[in-house]
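Peer 1: Got a sequence here, can you build the structure:
(chains A and B)
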Amino acid sequence: MIKKYEVSEIDCAVCAGKIEDAIKKIDGVKSAMLNFITETLTVEADEAEFKRIEKEIIKAGRKTERDFELREI
Amino acid sequence: MTKRQRKCLYKILISAVLIFISAIFIKDEYVKIPLLCTAYILSGFKVICSAIRKIFSRQLFDEEILMSVATAGALILNEFSEAAMVMTLYQLGELFQSVAVGKSRKSIKDMMKLKADFATVIRGGKEVKVIPEEILKGETILVIPGEKVAVDGIIEEGYSLFDSSSLTGESIPRELKAGDCVFSGMINIQSPVKIKTKSVYTESTVAKILNLVETSSLYKSQSEKFITKFSRKYTPCVFFASLLTAVIPTLVFGQSFLVWLRRALVFLIVSCPCALVISVPLSFFGAIGAASKQGVLIKGSEYIETLSKTTTIAFDKTGTITKGEFSVSKICALGISEEKLLEITAYAESFSNHPIALSIIKEYGREIHKERIKNVVTIHGKGISAEIDGKRVLAGSRQLLADNEIEIPYNNDDSTYVYVAYDNDAAGFILMEDKVKENACESLYALKKAGIKRIVMLTGDNEKTALKVQKEVGIDEVYAELLPQDKVEKVIEMKKEGVTAFAGDGINDAPVLSCVDIGFAMGALGSDAAVEAADIVIMNDDLSLLGRTIALSKKTMKIVRQNIALSLGVKFGVMALSILGFDNMYAAIFADVGVMVIAVLNAMRMMKQKRVVA
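Peer 2: Residues are numbered from 1 along each chain as shown, chains lettered A, B, ... in the order given. Model prediction:
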């Protein structure tokens, strides 16, 4: 299953790259793509695991960009 | 500006005022130092907190850490005003970056504003407002003037003009009536229409275009990949270089540690690779956005880079260089007038929907009284026999007339000749022709001017027709009577001699499109197969867009190269100077922030231009 999110408060392209790498390493994430310019994050994972994964995405994001936010679209 | 940005701006302003006051009015060190420390903490508190957190989570080479270390170094050196100033300027640079990125994001998002916010669906006789995702296939939606069409469909009722400029870049509105296809993203500009939807939102044209733009970051150009790799190695390298600058001269040559520490701090300050990391993808994205405004979809920055190096373009003939629709080019009548010949042929063909029949009827242009026609028989592969006003009319190939023992004194066995017999006697022929597109000649010339060395035409058509087209529009080489697999072979041969692009209508050319360096699909609006197979999709069938897109790709690469050269040049310059004794931290931070500003502004030029002249 693929879910799309809108992310906010990423100002720096290097940070976006770091966050993308961190999300890819989360257990259960099959693929992840963070588009810095359109501020969209696409994540593929099993439906049952999304709740936990979302929490971990936010945690990973805030490690690099302290105001990182996530909204499903 | 967002709320967060405004808050940041206030902090910067207060810090700046404090630094200014302490520099001009206050002489007493005991007042000066607390003032400067307040300014430093005000602008840098968040940076330092975040830096400490990052050290604990082992993200060592981060610009916030670099800035914290650099300013902490300045504090150790008792340079309070420099520490406060560097932190404030750094925050100002960050703020500018955030505003600039926000602005360019907005202008790109505006370009992509193809999706309707809501749609009016007629359910059970009532009008219901829903979001596009909730519309089902086969429902009826009402689109009033000024509204965007939410999903693809067919007009059920009504007639209107539609603005498709955001999809195809065409400025002339399309006239659409009941039975015509409407694509999502078009804007109704005249009168209300009812549309029967033929797809759900996620399968509609708009969703596909938006998806394509969003996933374009998957196909990254070499330059972008280089920058990403570079920035990962660059920051740690600078960090160690700065450490060595501080330590080696002191330990090995016994020079003053404080002097070299200052120089090392300058190193740290210019270490942020952000100017590159932001401006390069921004230039590419700007180019993709600018192209999409003209109805050209580029699937990723990789293709912009390759396109800028293209030297050979191969074209398909029918539908790409020619219009792909037939028109009457010559009428030759025997025994009856030319008007009469056209009239009886149009009548005979009036029950057919073959492209040639349709063009003859269009050329005739008057109403057809079907009661005058009787006994219409289609003779498969040969033509039509019908009775008009009681007299027999045959229209079709020479063979059709020969089968009916009618001699015709012409000898052209081309499928584009329609031979006609009237009342059992030869009546002449109508020659049909697929005309070359009006701007084909200029467009191909523009390609040459944009740096294309070799223009080739590949066609399945016979050699005579192909050579005629070649003469008309100026193509370097022509290969005729090719089967689809022959086209693939030819293209592979061409690739050996230079980067090769292919332009076709995308429907029959999928194998060729998939094996060239750059595949263009033309006239692709509404054709999923074409969008799928090509690297660059031209929504309408305007040939001049090819040259414009190539010019755009070259301009993008120029801006990217300028930005790389400028950023690296200034950074390495400042580093070299700092080793030679330049230790002004203000100048260093100005160099860092200034370069980023220039690079971002330069990249934003890509977005500003509406039309690129080839």
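
Peer 1: Can you name the residues of chain A sitting close to chain B?
Peer 2: A:9, A:11-14, A:17-18, A:33, A:35-40, A:42, A:63-64, A:66-67 (CB under 8 Å from any CB of the partner chain). To be clear about C-beta, it is placed using only N, CA and C from the backbone, and glycine gets the same treatment.

Peer 1: Quick one, which of the residues you listed are buried?
Peer 2: A:9, A:11-14, A:17-18, A:33, A:35-40, A:42, A:63-64 (16 or more other CB atoms under 10 Å in any protein chain shown).

Peer 1: So which of these are in helices?
Peer 2: Of these, the ones assigned to helices by DSSP state H are A:13, A:14, A:17, A:18, A:63, A:64.

Peer 1: Tell me which two of the residues you listed sit farthest apart.
Peer 2: Greatest spacing in these, by CB to CB: A:13 and A:63 (17.0 Å).

Peer 1: which residues make contact with stretch B:421-428 from outside it?
Peer 2: Here stretch B:421-428 makes contact (CB atoms under 8 Å, 6 or more residues apart in numbering or on different chains) with B:331-336, B:338, B:341, B:344, B:391-395, B:401, B:404, B:406-409, B:419-420.

Peer 1: so which of these are also by chain A?
Peer 2: Okay, of the contacts of stretch B:421-428, nothing touches chain A (CB under 8 Å from any CB).

Peer 1: And the buried ones among the residues you listed, selectable in PyMOL?
Peer 2: The PyMOL command for the buried members of these (criterion: 16+ other CB under 10 Å) is given here:
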select buried, chain B and resi 331+333+334+336+341+344+392+393+394+395+401+406+408+419+420
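
Peer 1: Return the helix or strand in the chain with minimum mean pLDDT.
Peer 2: You didn't say which chain, so I picked chain A. Using mean pLDDT, DSSP states H and E, helix A:13-24 stands out as the lowest-scoring helix or strand of chain A, at a mean of 83.

Peer 1: that answer is for a different chain, and I need it for chain B
Peer 2: In chain B, compared on mean pLDDT, DSSP H and E, the secondary structure element with the least confidence is helix B:528-533, at a mean of 72.

Peer 1: And the helices in the stretch 1-150 of chain B?
Peer 2: Secondary structure of the stretch 1-150 of chain B by DSSP state H, counting those that start in this stretch: the helices cover B:3-24, B:29-56, B:63-76, B:80-111.

Peer 1: and of those helices, who's closest to residue B:513?
Peer 2: Of the helices of the stretch 1-150 of chain B, nearest to residue B:513 by CB to CB is helix B:80-111, at 25.5 Å.

Peer 1: In that closest one, which residues are buried?
Peer 2: Residues of helix B:80-111 classed as buried: B:80-95, B:97-101, B:104-105, B:107-108, B:111 (neighbour count, 16+ other CB under 10 Å).

Peer 1: Equivalent analysis for stretch B:470-483, please.
Peer 2: Buried, per 16+ other CB under 10 Å, within stretch B:470-483: B:470, B:473, B:475, B:478, B:479, B:480, B:482.

Peer 1: among those, which are in strands?
Peer 2: Among the buried residues of stretch B:470-483, the residues falling in strands (DSSP state E) are B:478, B:479.

Peer 1: contacting residues for residue B:221?
Peer 2: In this structure, residue B:221 makes contact with B:284, B:300, B:301, B:302, B:304, B:305, judged by CB under 8 Å, 6+ apart.

Peer 1: Hmm, I typed the wrong one, I wanted residue B:440.
Peer 2: Here residue B:440 is in contact with B:321, B:322, B:472, B:473, B:543 (criterion: CB under 8 Å, 6+ apart).

Peer 1: correct me, but residue B:16 touches residue B:88?
Peer 2: Yes: if you go by CB atoms under 8 Å, residue B:16 and residue B:88 touch, sitting 5.9 Å apart.

Peer 1: overlap in contacts of the two?
Peer 2: residue B:39.

Peer 1: picking up where we left off before, now the helices of the stretch 1-150 of chain B in TSV, with distance to residue A:24 and mean pLDDT?
Peer 2: Below are these laid out as TSV (distance: least, CB to CB, whole Å; pLDDT from 0 to 100):
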stretch	distance to residue A:24	mean pLDDT
helix B:3-24	27	89
helix B:29-56	20	88
helix B:63-76	22	85
helix B:80-111	23	80
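
Peer 1: Among the contacts of stretch B:421-428, which lie within helices?
Peer 2: Among the contacts of stretch B:421-428, the members falling in helices (DSSP H) are B:338, B:341, B:344, B:401.

Peer 1: for chain A, what are the nearby residues on chain B?
Peer 2: B:4, B:46, B:50, B:53-54, B:57, B:59, B:62-63, B:94, B:97-98, B:101, B:104-105, B:108-109, B:112, B:213-215, B:217-218, B:228, B:231, B:273-274, B:277-278, B:281-282, B:285.
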